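S.K.: below is the sequence, then the predicted model.
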Amino acid sequence: MQELAEAIREEGKRLLESGEVDLVIGFTVGTLPLRAAPVFVRRAEDAEQLVWNSFCENNLAVYLRDIRDKRIAVVAKGCDTRAIVALINEHQLDRDKIHIIGVPCHGMVDRRTVARRAPGQVLAVREEGEEIVAEGESFSIRLPRSKALYRSCAACTHPNPVIYDILLGEEVAVWAEDPYAHVREIELKPAAERAAYFATEAQRCIRCYACRQACPMCYCEECFVDHTTPRWIESGVTPAGLQGWQIGRAYHLTGRCVACGACERSCPMEIDLVYLNGKLRKEVWELYGFQTGLIVGELPPLAVFQPDEGSDSTP
Ligand code: SF4
Ligand code: SF4
Ligand code: SF4
């Protein structure tokens with residue numbers, strides 16, 4: 001990881017020094033243990049701030065649409081690059097203005113899992129090989145990285161960047177055996193149990209919309225939940241309003257979700273958002289053999305209408 005971090009700093013510095021880009025978007029040390037924070041680096045001497053570790057969990061593609069007047073370099077994991085491809089395909093990004101610093105990803109560690117396993121407040125954390133070492137005032141615990149990954153990362157099928165201008169580090173082997181294992185687990189439950197699970201999860205939502213803000217594919221100028229004339233769904237924190245929000249958002253991401261898990265990581269209530277989007281990803285895969293954000297120019301099935309296509313659901 002340290003070698004990779006150094007390579008990112010060198011590339012960031014080189015790009016800014018040479019004037020190839022105006023801005024490098026990457027990660028820096030977070031203000032709390034178990035956190036890395038997105039950082040915007042504008043001067044070559046500030047490239048020293050860039051880091052790379054198991055807590056670089058944000059999908060940095062989320063920032064790219066907002067900065068159109070600059071040449072940007074972005075540090076990108078597999079899922080960030082899938083979002084970049086999907087945004088290019090939706091005509092939201094100009095490929096020529098983005099320099100992609102591709103970084104093969106070993107999976108991001110769920111800071112909440114580490115905090116829960118620790119017997120007290122975690123004050124410092126470090127990585128030693130394949131282990132995470134978390135320390136507090138009177139304890140030091142070790143966790144295997146593989147057992148502490150975010151659910152989306154444990155199920156990741158594209159940890160390596162799918163598009164890049166430079167690739168730093170060696171590509172990694174894919175570890176996920178079944179990307180839809182969690183969805184299948186829920187599909188197997190009786191309908192009443194599935195409905196109860198959905199209702200219970202939705203009910204915990206506080207409608208903070210952090211999931212929407214963290215998602216690179218949620219970019220509507222006016223979200224359907226904020227629309228008042230007409231009002232599409234109930235705006236209160238009621239069961240109907242909360243379930244409408246969860247279902248509406250998942251549907252809007254059908255065939256567009258890149259499986260990054262940024263929504264789930266940002267949720268302060270730790271709601272299981274992965275299974276809803278995962279279920280729709282699975283449907284799109286089974287019906288159309290399509291995975292989002294893999295090929296520039298390949299549009300999502302629901303964005304393509306063929307006048308002569310049938311109305312049944314056969315692929
Ligand atoms: S979803 Fe894949 S690429 Fe993205 S952070 Fe997780 S393991 Fe890395
Ligand atoms: S819905 Fe969640 S997993 Fe899908 S692209 Fe958005 S943030 Fe990533
Ligand atoms: S981040 Fe969580 S609590 Fe906030 S709106 Fe999304 S699902 Fe609800």
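M.R.: Structure received. Ligands and ions are numbered 1, 2, ... in the order given.
S.K.: drop to CA atoms for contacts and neighbour counts, all remaining ones
M.R.: Fine.
S.K.: dump the residue contacts of residue 75.
M.R.: 8, 24, 25, 26, 27, 60, 100, 101, 102, 103 (C-alpha atoms under 8 Å, 6 or more residues apart in numbering).
S.K.: distance between the helix or strand where the fourth one lies and the chain's centre?
M.R.: What that stands for is residue 26. Per DSSP states H and E, residue 26 falls inside strand 23-29. Averaging C-alpha positions (C-alpha atoms, centre = their mean, to the nearest Å) puts strand 23-29 16 Å from its chain's average.
S.K.: which positions in this protein make contact with ligand 1?
M.R.: Applying C-alpha under 6 Å from any ligand atom, we find that the chain lies next to ligand 1 at 57, 77-79, 105-108, 152-153, 156, 158-159, 260.
S.K.: and these near ligand 2, which?
M.R.: Checking those against ligand 2 (C-alpha under 6 Å from any ligand atom), the matches are residue 260.
S.K.: convert the strand holding residue 26 to CSV, retaining C-alpha atoms only.
M.R.: What follows is strand 23-29, C-alpha atoms only, in CSV (Å, rounded to 0.1, in the frame of the first residue of the first chain):
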residue,chain,number,x,y,z
LEU,A,23,-6.5,19.6,-10.3
VAL,A,24,-5.9,16.1,-8.8
ILE,A,25,-8.7,14.5,-6.9
GLY,A,26,-7.6,11.8,-4.5
PHE,A,27,-7.6,10.9,-0.9
THR,A,28,-5.8,12.3,2.1
VAL,A,29,-5.6,11.3,5.8
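S.K.: following that strand, which helix or strand comes up?
M.R.: Later in the chain than strand 23-29, the nearest helix or strand by DSSP H and E is strand 36-41.
S.K.: show the buried residues in the residues of the chain next to ligand 1.
M.R.: 57, 77-79, 105-108, 152-153, 156, 158-159, 260 (16 or more other C-alpha atoms under 10 Å).
S.K.: so which of these belong to helices?
M.R.: Of those, the ones assigned to helices by DSSP state H are 78, 79, 152, 153.
S.K.: out of the residues you listed, which two sit at the greatest distance?
M.R.: Spanning the widest gap among those are 78 and 152, at 12.2 Å by C-alpha to C-alpha.
S.K.: highest neighbour count among the contacts of residue 75?
M.R.: Highest neighbour count within the contacts of residue 75: residue 24, with 30 neighbours (other C-alpha atoms under 10 Å).
S.K.: check the secondary structure at the nearest residue to that residue once chain neighbours are set aside for me.
M.R.: Nearest non-adjacent residue to residue 24, counting by C-alpha to C-alpha, 6 or more residues apart in numbering: residue 73, 4.6 Å away. Secondary structure, DSSP: H, G, I helix; E, B strand; the rest coil: residue 73 is strand.
S.K.: residues contacting residue 73?
M.R.: 12, 15, 21, 23, 24, 25, 98, 99, 100, 101.
S.K.: okay, buried residues for stretch 243-262 please.
M.R.: By 16+ other C-alpha under 10 Å, the buried positions in stretch 243-262 come out as 243-246, 249-250, 253-262.
S.K.: in helices, which of the residues you listed fall?
M.R.: Checked against DSSP H, the buried residues of stretch 243-262 include these in helices: 243, 244, 245, 246, 249, 250, 262.
S.K.: same list, the residues you listed, but as a markdown table with pLDDT please.
M.R.: Putting these into a markdown table (pLDDT from 0 to 100) gives the following:
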| residue | pLDDT |
| --- | --- |
| 243 | 92 |
| 244 | 90 |
| 245 | 91 |
| 246 | 93 |
| 249 | 93 |
| 250 | 93 |
| 262 | 96 |
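S.K.: which of the residues you listed lies closest to ligand 3?
M.R.: residue 246 (7.0 Å; C-alpha to the nearest ligand atom).
S.K.: skipping adjacent residues, who's closest to that closest one in space?
M.R.: Per C-alpha to C-alpha, 6+ apart, closest to residue 246 is residue 202, 6.7 Å.
S.K.: and stretch 285-295, average pLDDT?
M.R.: Averaging pLDDT along stretch 285-295 yields 94.
S.K.: tell me the contacts of the residue in the stretch 201-315 of the chain positioned nearest to ligand 1?
M.R.: Distances between the stretch 201-315 of the chain and ligand 1 by C-alpha to the nearest ligand atom are smallest at residue 260, namely 4.2 Å. Residues near residue 260 by C-alpha under 8 Å, 6+ apart: 59, 79, 80, 152, 153.
S.K.: from ligand 3, how far off is it?
M.R.: 15 Å (C-alpha to the nearest ligand atom, to the nearest Å).
S.K.: likewise for residue 268?
M.R.: In this view, residue 268 and ligand 3 are 6 Å apart by C-alpha to the nearest ligand atom.
S.K.: element containing that residue?
M.R.: Short version, using DSSP H and E: residue 268 is in no helix or strand.
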